[in-house]
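[1] here's a sequence, model it:
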Amino acid sequence: MLIQDEKQLHIRGVRIDWDKIDGSSYLRRIPAVAGANELSFHKPITFFVGENGSGKSTMLEAIAVAYGFNPEGGTKNYSFSTYDSHSALHEAIRLIKGRFKPGWGYFLRAESFYNVATAEEEYGKEIGRSLHFHERSHGESFLAMAQNNFKPNGVYLLDEPEAALSPQRQLTLLLEIMECAKQESQFIIVTHSPILLGIPGAEILSFDDGKIHPCEYEETDSYKVTEMFINSRDLILRRLLEE
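    All right, here's what the predicted structure looks like:
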């Protein structure tokens, strides 16, 4: 049973004080982000969707850093840094938190997974437990890291978790997310995956059209483009190749 009472969510919303952002910042040139003063979450699973460059990962990263996670990913205890690339948006964010404190949390980013996996192995050696992520395939280690860190009563921020996963493994991740969400955990996920977006009862926020707004599963480009390609593959390929 997914959380129904919004007050039980660990992160209920986000408020942005734009006076704390420099007037020349590139953040002001991302329409969906620049137009957002407040963002509310209503479900235990929220998806950020939109075209590349629409600001969804920028927003997720800012929420993660404001919450106390390492910008490159991991738990709140991770302090390593290989490249300081996160924006200043987190400095202007105030999180609206729920009544109950989560017992665990994790920020998982596809683009910095190698660095986090390395840190996981180093920390694991210190406590005599290493999962040998670098000895597995990218997809296997990515899924294993997610599975080992999904726990009840947690906060999980995932940035394009499907990037390393086959369709079958995406279905496995979908089930893991749903089971964890039933145990009072909250997920905020950036994705292009029509598989993950199919989770029933999830909230979908689109960053397209210059503003952050709710949309239905069938309205997402991930769904529409995938459906169109599957149903009209020959016609689409012929037109693309002719161009």
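
[2] from here on, contacts and neighbour counts on C-alpha atoms
    OK.

[3] residue boundaries of the helices in the protein?
    Chain-ordered helices for the chain, with DSSP state H as the definition, fall at 31-34, 56-67, 89-92, 113-126, 138-149, 167-181, 221-231, 233-242.

[4] so what's the residue nearest to Arg109 when sequence neighbours are not counted up against?
    Nearest non-adjacent residue to Arg109, counting by Cα to Cα, 6 or more residues apart in numbering: Asp159, 4.7 Å away. Contacts were defined as Cα atoms under 8 Å, 6 or more residues apart in numbering; by that measure Asp159 touches Ser57, Leu60, Leu108, Arg109, Ala110, Ile189, Val190, Thr191.

[5] low pLDDT regions in the chain?
    1-5, 7, 77-86, 110-139 (pLDDT under 70).

[6] quick check: Gln168 vs Glu162, distance?
    When Cα to Cα, to the nearest Å is the yardstick, Gln168 and Glu162 sit 11 Å from each other.

[7] and the gap between the residue nearest to Arg109 and Thr46?
    Per Cα to Cα, Asp159 is found 12 Å from Thr46.

[8] hey, what's in contact with both of these two?
    If you check Asp159 and Thr46 against Cα under 8 Å, 6+ apart, the residues they both contact are Ile189.

[9] burial of the closest residue to Glu61 other than its chain neighbours, as a residue count?
    For Glu61, ignoring the flanking residues on the chain, the nearest one in space by Cα to Cα, 6+ apart is Pro71 at 6.8 Å. Counted with other Cα atoms under 10 Å, the burial measure for Pro71 works out to 26 neighbours.

[10] hang on, isn't Arg12 packed against Ser40?
    Yes: counting by Cα atoms under 8 Å, Arg12 sits close enough to Ser40 to count as a contact (6.0 Å).
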